[in-house]
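**Q** The following block contains a protein sequence and its predicted model.
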Amino acid sequence: MKHRLFLFDLDDTLLDFKASERRSFARTMQELGLRDGMDGLFVQYQAINLELWRRFETGAVSKDFLKVERFRKTFVENGIDLDPQAASDLYLESLAETVVLIDGAERLCETLAEIGEVGIITNGVEHIQNRRIASSGLRDHLSFVSTSEACGFAKPDSRFFDYTARMARSFAKGETIIVGDRLDADILGANRFGIESCWFNPERLANESQAIPTCEVGSLHDILPSLRALALA
């Protein structure tokens, strides 16, 4: 295998963030005394959250603003009189306790750590992501965790990947690959930085973006065969 550095996105690549997000949102609302209409409210929250993350990745808003604004806007649009700061604090704490691994994640990281170096690249909140990784059981297989919060720049900014490369024990572009579910963050970031990428696409979505993955898989179990095939190409 030609790759020696394996950079993994965390949410919806190794960890099932959608499952954790739903559980954490429901728990947060219940602790704040809100129990009715959760499904519809969660769908609205997701849309608001996604738009804010996109704005964060372009540098339009800060992460501290995003963390509270997603709840403030959700509450305002639904006429709910709750404290968005309290909701944000409860939600982030809950995220660290509602970790769900995607099938095959631990075994894959364990195997790749025996071949080379495994690192995490994430735009998530640093202390929460570190707690989630600790809860997941993946920590022993990881060399480092690179976060946009510590770096000051977010994926797909090349400065984030410069920062990440300096965290690795050994770095060579030709021996590095990014695995992630986001075309606009992970795969585009790899394209701009000049390294190979594997698009984790379990829903078999069409690629209508300008990002070009080196390979594509629908399951984490397909990654090792795909990496071996790249080494023979």
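**A** It's in.
**Q** drop to CA atoms for contacts and neighbour counts, all remaining ones
**A** Noted.
**Q** Can you give the contact residues for the lengthiest helix in the chain?
**A** Longest helix in the chain, counting residues (DSSP state H): helix 38-57. Contacts to helix 38-57, defined as Cα atoms under 8 Å, 6 or more residues apart in numbering, come from residues 22, 25-26, 61-63, 66, 70-71, 73-74, 154-156.
**Q** Least confident of the residues you listed?
**A** Ranked by pLDDT, those bottom out at residue 63 (90).
**Q** picking that back up, after the longest helix of the chain comes which helix or strand?
**A** helix 63-77 (DSSP states H and E).
**Q** Could you point out the helix or strand that follows that next one?
**A** helix 84-95.
**Q** which helices and strands sit right next to that following helix?
**A** Packing partners of helix 84-95 (3 or more Cα pairs under 8 Å, 6 or more residues apart in numbering; DSSP states H and E): helix 17-31, helix 63-77, helix 126-136.
**Q** quick one: the shortest one to helix 84-95, angle?
**A** If you take axes from the mean of the first three to the mean of the last three Cα atoms, to 10 degrees, helix 126-136 sits at 30 degrees to helix 84-95.
**Q** Poorly predicted segments of the chain, please.
**A** In the predicted model of the chain, residues 233 satisfy pLDDT under 70.
**Q** Break it into its domains for me.
**A** Recorded structural domains for the chain (assignment: automatic domain parsing) are 5-16+101-232, 17-95.
**Q** Count the neighbours of the closest residue to residue 173 other than its chain neighbours for me.
**A** Leaving out its chain neighbours, the residue that sits closest to residue 173 by Cα to Cα, 6 or more residues apart in numbering is residue 195, at 5.5 Å. Neighbour count for residue 195, taken as other Cα atoms under 10 Å: 19.
**Q** swap in residue 81?
**A** Around residue 81 there are 9 residues (other Cα under 10 Å).
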